[in-house]
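A.B. asks: no sequence on this one, just coordinates:
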């Protein structure tokens, strides 16, 4: 064993969130055609969530539980499609602090609990070329 700081792990894609109109209708495409194994995930933020393992990352299929939920509003405005990409970082608090220092607009100023019980925070898509970015810790 060596003494000293633990080396940082590389930022990686944790998951891609895909908003869907009908979870039951689209799941066979991912499970049967693409042969992605399902990973149990708890529902969160007003969405039913189906997780699928794609290599080292997850695909989260997100179906609105109500029309006024974030996913319900997204599907009504834009239709089904990629909702967000989530990056796992070593230090969520430090990354958010760097965002604030750089003037990057945040949706979540402080981390909150998301699916899988992990601490998460979203960056406003206006700061990321129109892409909703979620951050979570490794």
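C.D. replies: Arrived safely. Note that the coordinates shown come from a computational prediction; the quantities given were computed from them, not determined experimentally.
A.B. asks: quick one: contacts for residue 84?
C.D. replies: Contact partners of residue 84, counting by CB atoms under 8 Å, 6 or more residues apart in numbering, are 16, 17, 122, 131, 132, 133, 134. Quick note: C-beta positions are derived from backbone N, CA and C, even for glycine.
A.B. asks: What residues sit buried inside stretch 19-31?
C.D. replies: By 16 or more other CB atoms under 10 Å, the buried positions in stretch 19-31 come out as 19, 20, 26, 27, 30.
A.B. asks: doesn't residue 50 make contact with the fourth one?
C.D. replies: Right, residue 27. Yes - look at residue 27 against residue 50 with CB atoms under 8 Å: they come within range, at 6.0 Å.
A.B. asks: Spell out which residues are contacts of both of those two.
C.D. replies: Common contact partners of residue 27 and residue 50 (CB under 8 Å, 6+ apart): 38, 61.
A.B. asks: Identify the residues contacting stretch 113-126?
C.D. replies: 41-45, 49, 51, 60, 84, 86, 92, 96, 99, 104-112, 131-137.
A.B. asks: ok, 7 Å please
C.D. replies: 41-42, 44, 49, 60, 92, 96, 99, 104-108, 111-112, 131-137 (CB atoms under 7 Å, 6 or more residues apart in numbering).
A.B. asks: now stretch 66-82
C.D. replies: By CB under 7 Å, 6+ apart, the surrounding residues in contact with stretch 66-82 are 16, 18, 19, 20, 21, 45, 46, 47, 62, 63, 64, 83.
A.B. asks: helix/strand/coil for the spatially most central residue of the chain?
C.D. replies: In the chain, the centroid-proximal residue (CA atoms, centre = their mean) is residue 86; its distance is 4.0 Å. Assigned by DSSP: H, G, I helix; E, B strand; the rest coil, the conformation of residue 86 is strand.
A.B. asks: Test my guess that it contacts residue 14.
C.D. replies: Yes - assessed by CB atoms under 7 Å, residue 86 is found in contact with residue 14 at 4.4 Å.
A.B. asks: can you map out the strands along the protein?
C.D. replies: 12-20, 38-39, 47-54, 57-64, 81-89, 112-113, 119-123, 133-137 (DSSP state E).
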